[in-house]
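In: build me a model:
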Amino acid sequence: MLRWLICLTGLLVVGLGLAVGWQSHQVAYRSSGRAAIAHYLSDPQTHEGYLQLEGSPTLYLLREQDFTPPIKGTATLKDLMLVAVLYRPDESTAIDVRARLGTHLVGSAYAVVAVTLYDLNGAVTQKFTSALYRQYPQGFYENDWPLGGGVSLLGLLLLLGGGVSLWRRRGERGGGPQTTPGQKTRSEGPALAPLGPALRLPTRPGPGASGSGHSGLRPPSGPSSLGRRS
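Out: Numbers count the residues shown, from 1 in each chain. Below you'll find the model as predicted:
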């Protein structure tokens with residue numbers, strides 16, 4: 001049972017690795033467009049900011065210390081400021097945060113890679129960029145095959161080990177080589193010789209038998225049944 005469980009586990013791990021590898025994809029950033037900040041909440045302990053723009057239910061997540069220059073909570077981003085955010089549409093985090101004044105943001109928040117501030121005339125006043133955006137400003141290809149391949153290789157090793165164990169187990173249950181009917185096994189000794197020569201009884205010749213068929217026994221001695229000849 002344990003050997004079958006190892007094989008099944010290896011098969012599942014191989015499938016998991018393939019699933020991880022197939023998630024590889026091209027990442028293209030999206031822009032929210034220019035809009036005023038409806039709500040911005042900041043957690044001073046985790047240094048995470050939660051943003052919602054006016055006229056949109058979409059939520060955004062900012063890791064403030066990852067930006068250059070650093071975003072310092074509500075001292076940097078305030079309600080009604082005119083901004084545009086660039087975010088990853090393929091990465092989101094479930095959030096549920098509430099401000100002291102009662103603002104409650106709950107749902108999936110997209111990861112922000114850049115924030116641009118505008119003045120009332122629409123001119124750019126400041127831009128904040130994350131390390132990811134500075135490294136890949138035009139997007140990038142997220143290759144998950146190295147991780148998926150490693151996981152699949154581990155599963156393949158488990159599957160191979162379980163299969164070899166099952167094969168050996170089956171060989172042990174089969175026992176030694178079987179003998180066919182009429183074939184002597186090694187434990188059998190040579191056939192025993194007869195204890196003595198076989199006895200052959202003489203056969204009596206029939207009426208028409210010739211002298212060559214004589215039994216070889218001498219007739220009994222004694223007077224002849226015929227009389228004396230004078």
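
In: when you work out contacts or count neighbours from here on, use the C-alpha atoms and nothing else.
Out: Fine.

In: and the strands in this protein, which stretches?
Out: 25-27, 30-31, 35-43, 48-53, 59-63, 67-68, 82-98, 104-118, 124-130, 140-142 (DSSP state E).

In: can I get the ones you listed in JSON lines including mean neighbour count and distance to Leu153?
Out: Formatted as JSON lines, those follow (neighbours: other C-alpha atoms under 10 Å; distance: least, C-alpha to C-alpha, whole Å):
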{"stretch": "strand 25-27", "mean neighbour count": "14", "distance to Leu153": "22"}
{"stretch": "strand 30-31", "mean neighbour count": "14", "distance to Leu153": "36"}
{"stretch": "strand 35-43", "mean neighbour count": "19", "distance to Leu153": "41"}
{"stretch": "strand 48-53", "mean neighbour count": "22", "distance to Leu153": "37"}
{"stretch": "strand 59-63", "mean neighbour count": "23", "distance to Leu153": "35"}
{"stretch": "strand 67-68", "mean neighbour count": "18", "distance to Leu153": "37"}
{"stretch": "strand 82-98", "mean neighbour count": "17", "distance to Leu153": "27"}
{"stretch": "strand 104-118", "mean neighbour count": "20", "distance to Leu153": "32"}
{"stretch": "strand 124-130", "mean neighbour count": "16", "distance to Leu153": "34"}
{"stretch": "strand 140-142", "mean neighbour count": "12", "distance to Leu153": "20"}
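
In: was I right about Leu51 contacting Ile37?
Out: Yes: using C-alpha atoms under 8 Å, Leu51 makes contact with Ile37 at a distance of 7.4 Å.

In: sorry, back to before: could you dump the strands of the chain to JSON lines with mean pLDDT and distance to Leu160?
Out: What follows is the strands of the chain, written out as JSON lines (pLDDT from 0 to 100; distance: least, C-alpha to C-alpha, whole Å):
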{"stretch": "strand 25-27", "mean pLDDT": "67", "distance to Leu160": "31"}
{"stretch": "strand 30-31", "mean pLDDT": "94", "distance to Leu160": "45"}
{"stretch": "strand 35-43", "mean pLDDT": "95", "distance to Leu160": "49"}
{"stretch": "strand 48-53", "mean pLDDT": "96", "distance to Leu160": "46"}
{"stretch": "strand 59-63", "mean pLDDT": "96", "distance to Leu160": "44"}
{"stretch": "strand 67-68", "mean pLDDT": "96", "distance to Leu160": "47"}
{"stretch": "strand 82-98", "mean pLDDT": "94", "distance to Leu160": "36"}
{"stretch": "strand 104-118", "mean pLDDT": "96", "distance to Leu160": "41"}
{"stretch": "strand 124-130", "mean pLDDT": "95", "distance to Leu160": "45"}
{"stretch": "strand 140-142", "mean pLDDT": "65", "distance to Leu160": "30"}
